[in-house]
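>>> Output the structure for:
(chains A and B)
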Number of protein chains: 2
Amino acid sequence: MKAEIIAVGTELLLGQVVNTNATYLSEELAGLGYEVYYQTVVGDNPGRLKTLLELADTRSELVILCGGLGPTDDDITRDILAEHLNEALVMDQKALDYVVSYISKSGRPMTPNNKRQALTISNGQVLENPVGLAIGTFYQAENTAYMVLPGPPRELKGMFEESAKPVLKELLPQKMKLTSRVLRFYGIGESRLVTELAELITTQTNPTLAPYAKTNEVTLRLTAKTETDEEALLLLNKMEEKIQEKVGTYFYGYGETNSLQNELVNVLKKEGKTLSSVECLTSGLFQSTISTIPGSDLVSKGGVIFPSLNQLVVSLPNVSSQNKSNDYLDEQLLTLVAENCCQMFETDYAIAIAGITDNCQSESYDVGEVAIALTDRTGKQEVMRYNFGGNKASIQYQAVLKGMDLIRRRLLSK
Amino acid sequence: MKAEIIAVGTELLLGQVVNTNATYLSEELAGLGYEVYYQTVVGDNPGRLKTLLELADTRSELVILCGGLGPTDDDITRDILAEHLNEALVMDQKALDYVVSYISKSGRPMTPNNKRQALTISNGQVLENPVGLAIGTFYQAENTAYMVLPGPPRELKGMFEESAKPVLKELLPQKMKLTSRVLRFYGIGESRLVTELAELITTQTNPTLAPYAKTNEVTLRLTAKTETDEEALLLLNKMEEKIQEKVGTYFYGYGETNSLQNELVNVLKKEGKTLSSVECLTSGLFQSTISTIPGSDLVSKGGVIFPSLNQLVVSLPNVSSQNKSNDYLDEQLLTLVAENCCQMFETDYAIAIAGITDNCQSESYDVGEVAIALTDRTGKQEVMRYNFGGNKASIQYQAVLKGMDLIRRRLLSK
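Residues are numbered from 1 along each chain as shown, chains lettered A, B, ... in the order given. Model (predicted):
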């Protein structure tokens, strides 16, 4: 089924915003079995958007519009689509109630514009927004189906997952069913994964294999085309077995929206273990990344942040000024603070992360060198060393992922 | 001058690659004074690319194509454009010599395909590639000018800077220059800002005003069209004065890439003050957000993280089990831990953030209620209460921004 994506927003045409929405939607649509033939960006301009919709009518069976659902006058998407479809805009009472309660809670005065976000298209189907205020719409015209989604990526993804995807699955005419399974890998680059799996990727037609490079991880999407769920399961299992044989050591979990932090929180919950951290490099990024997972507060008990191991303050239990060190990666000190962290936060595990960024005035180390100490309540301790590339933010993020993976592997190996 | 960008590549339509080239080119073109009306992505498909070129002919004076200049058969861009222009492809000897020497140096055998990268369009102008092998082309047709650039972002940027930009500057008929200034606001929503500035926005043509909603902040871009820099400065200053009069209380800084964290770090540096934090709601997000700013470690000295104020451990100096509280937002305790944080991390200011998320089993509070305590070394203390909407991540982020803004304002008000 031929699809196209139209992103609406002058900020995209001015280069102020990267069009990650088109990338996300393209990947999702490909996974569902749609063929995306075009992505277009057009500004907040009624005439040009209208012309584009007329063009899309002639070439696509599904048109997904994103952006331009905000409260201001230059948010024109829903208005122009309604005009194009010869339909009226109607207020959705449920959405309006939510807008009113949200705005009044925030203490800001309600403006007439705010209500625009609760408008939908007559004879369309409302798509709820689990993250923000503006609702979306699905509308089936004679030859072409239209979907309107919000522009902010978090809202777009939330609405797509919860409201849009089920509709799009239903819309597909074919009786052959596409079933996807996403495998996630950490610790292997995309090109290496593709090389290891080269034969499978090039020869395989059912299921197909599509690798995607994400930030410091790789996903592999297996898509089977079958008549029944049982056949799909069989094909996917068989293919996964071959893949796991080759690169299974880097595999950490399933699913499009899964993450190392999610797997870590799950295994901690399952084992009934708790965790704390000393962050001398990552400045809270380790804890805040874990805290995005629901229920993380049951297993992740907090921690301490210092700008660097040298800037350690001596208020930790059993750390005195004698322990202070000028060594940015002092492994003994790093282990000591990890042990103290275990004690202070009364947790089963503690991790301590130190590293060199371009802030450090170090002659002994290169930027990107990182030390991670992992200790547990029984006194078992280890320190690992790494060398990460990139800028400060990239080194921090790689250290966070590595730290989470270390604890996850320790828990799984028990 | 009306321009459009066409990126060619099936990998973009499958969502495997983000179209950062379009963003880069759009920003550069806007800076030169071109008006980009469309960005389009099309696959490696001759028929669809050709149709798109025919459409571009009718609507744009400049068409920039990128991608599809590689050595393989699915790299079709230069072939299809030549066909569209009724021109032949010709070999550029200088480029061919370079390809031959490069390939022989690499030790790989030369394939006939490699030579394709030295092809240009008859009657066009070669654009040299300072980074890679494929050359680009500029071609002036009767009503529309065409430019072909390579797909890999490094090559695209290299060629654009060195070869394409001078050509595009020359192409512009007018000598009028565009000068932009970006104002950033926190604490006011986009719709309210637009309402406050409605008259200015609708009546103003030079400079133009364009508001953009970012996550929990708003930017306003002023763009002046003038012959000289002096005229631009005058127009922008005059307009900014009117804006500051109306919404200046929410203004916090200038620039496309500025942020509250950047302004906070700057004002801390300027005043020679330091900061630490107790994060019972934000789980390290406050510190890690600040740590993205270069030199933040000179002023932001770290902090402590707890999953909630109830889960406070008693290892902080001067906090004992008697201080423990079942109140998620105990203002007295929050102030006490902020004071202790000042002491423990030896900083001038400390902030303590607590709040209610859907993890909390609270009957006294609603999800989104937040308390922020701010103390300084002199003992001055205050606790502020807020009510933020959204999910856990959104509440956390809003609390981080509010905390940064509070300290920034305190420092500026001294």
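>>> Just the pLDDT at the closest residue to A:T10 other than its chain neighbours, thanks.
Ranked by Cβ to Cβ, 6 or more residues apart in numbering or on different chains and with sequence neighbours excluded, the top spatial neighbour of A:T10 is A:G43, at 4.1 Å. From N, CA and C alone the C-beta is placed, and that goes for glycine too. The predicted structure scores A:G43 at 95 on the pLDDT scale.
>>> Do I have it right that A:G43 meets B:Q39?
No. Between A:G43 and B:Q39 there is no contact under Cβ atoms under 8 Å: 10.0 Å.
>>> Find the residues that touch each one of the two.
Listed as contacting both A:G43 and B:Q39 by Cβ atoms under 8 Å, 6 or more residues apart in numbering or on different chains are A:L12, A:L13.
>>> out of the two, which sits in the busier spot?
Taking other Cβ atoms under 10 Å in any protein chain shown, A:G43 and B:Q39 do not tie; B:Q39 has more neighbours (27 against 21).
>>> quick check, the helix or strand hosting the more buried one touching chain A?
Taking DSSP states H and E as the definition, B:Q39 sits inside strand B:35-42. Yes. In this structure, strand B:35-42 sits against chain A according to Cβ under 8 Å from any Cβ of the partner chain; the contacting residues are B:V36, B:Y37, B:Y38, B:Q39, B:T40, B:V41, B:V42.
>>> Tell me which strands whichever helix or strand A:Y252 is part of pairs with, and in which orientation.
Using DSSP H and E, the element containing A:Y252 is strand A:251-254. For strand A:251-254, sheet partners with direction are given as strand A:177-185 (antiparallel), following DSSP bridges.
>>> Say whether chain B is contacted by the very next helix or strand once past the partner strand.
On the C-terminal side of strand A:177-185, the closest following helix or strand by DSSP H and E is helix A:190-196. No. Helix A:190-196 is not in contact with chain B by Cβ under 8 Å from any Cβ; minimum separation 9.4 Å.
>>> ok so, going back, Provide the contact partners of the strand holding A:Y252 at residue level.
Strand A:251-254 is contacted from outside by A:181-186, A:244, A:259-260, A:262-263, A:405, A:408, using Cβ under 8 Å, 6+ apart.
>>> List buried members of these by neighbour count.
Among the contacts of strand A:251-254, those classed as buried by neighbour count (16 or more other Cβ atoms under 10 Å in any protein chain shown) are A:R181, A:V182, A:L183, A:R184, A:F185, A:Y186, A:S259, A:L260, A:N262, A:E263, A:D405, A:R408.
>>> now those as TSV including pLDDT and distance to A:A352?
Conversion of the buried ones among the contacts of strand A:251-254 to TSV gives the following (pLDDT from 0 to 100; distance: Cβ to Cβ, whole Å):
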residue	pLDDT	distance to A:A352
A:R181	93	37
A:V182	92	33
A:L183	96	31
A:R184	96	26
A:F185	96	26
A:Y186	95	21
A:S259	95	22
A:L260	97	19
A:N262	97	23
A:E263	97	21
A:D405	97	16
A:R408	96	17
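>>> Nearest to B:T205 among those residues?
A:S259 (47.7 Å; Cβ to Cβ).
>>> rewinding a little: between the residues of strand B:35-42 next to chain A, identify the one with the most neighbours.
By neighbour count, taken as other Cβ under 10 Å, the most surrounded of the residues of strand B:35-42 next to chain A turns out to be B:V41 (31 neighbours).
>>> quick revisit: could you single out the nearest of the buried ones among the contacts of strand A:251-254 to A:T10?
The shortest approach to A:T10 among the buried ones among the contacts of strand A:251-254 belongs to A:S259, at 33.3 Å (Cβ to Cβ).
>>> so how far is the strand holding B:Q39 from its chain's centroid?
Relative to its chain's centre, strand B:35-42 lies at 19 Å (Cα atoms, centre = their mean, to the nearest Å).
>>> ok, residues contacting it?
The set of residues that contact strand B:35-42 without belonging to it, under Cβ under 8 Å, 6+ apart, is A:12-14, A:19, A:22, A:37-43, A:45, A:48, B:1-9, B:12-13, B:19, B:22, B:25-26, B:29-30, B:48-49, B:52, B:59-60.
>>> Which of those fall within helices?
When the contacts of strand B:35-42 are checked against helices (DSSP state H), the matches are A:12-13, A:22, A:48, B:12-13, B:22, B:25-26, B:29-30, B:48-49, B:52, B:59.
>>> Mind jotting down where the helices sit in the stretch 251-400 of chain A?
Counting by DSSP state H, counting those that start in this stretch, the stretch 251-400 of chain A has these helices, from start to end: A:260-271, A:285-290, A:331-344, A:392-413.
>>> Dump those to JSON lines, plus distance to chain B.
Supplementary listing: these in JSON lines, determined by distance: least, Cβ to the nearest Cβ, whole Å:
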{"stretch": "helix A:260-271", "distance to chain B": "12"}
{"stretch": "helix A:285-290", "distance to chain B": "4"}
{"stretch": "helix A:331-344", "distance to chain B": "4"}
{"stretch": "helix A:392-413", "distance to chain B": "6"}
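>>> The ones you listed into JSON lines, with extra columns for distance to B:S362?
Below are those laid out as JSON lines (distance: least, Cβ to Cβ, whole Å):
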{"stretch": "helix A:260-271", "distance to B:S362": "22"}
{"stretch": "helix A:285-290", "distance to B:S362": "22"}
{"stretch": "helix A:331-344", "distance to B:S362": "26"}
{"stretch": "helix A:392-413", "distance to B:S362": "29"}
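>>> How many residues are close by A:I407?
Residues near A:I407, counting by other Cβ under 10 Å: 23.
>>> now swap in A:Y146 and tell me
When neighbours are counted by other Cβ under 10 Å, A:Y146 registers 23.
>>> So it sits against A:G136, correct?
No. Because the distance of 10.5 Å does not satisfy Cβ under 8 Å, A:Y146 is recorded as not touching A:G136.
>>> Contacts only, for the residue nearest the centre of chain A.
If you average the C-alpha coordinates of chain A and look for the closest C-alpha using Cα atoms, centre = their mean, you land on A:T257, 6.1 Å from that point. With contact set as Cβ under 8 Å, 6+ apart, A:T257 has these partners: A:E161.
>>> now do A:R116
Going by Cβ under 8 Å, 6+ apart, the list of residues near A:R116 reads A:P71, A:D75.
>>> I'm done for today, thanks for sticking with me.
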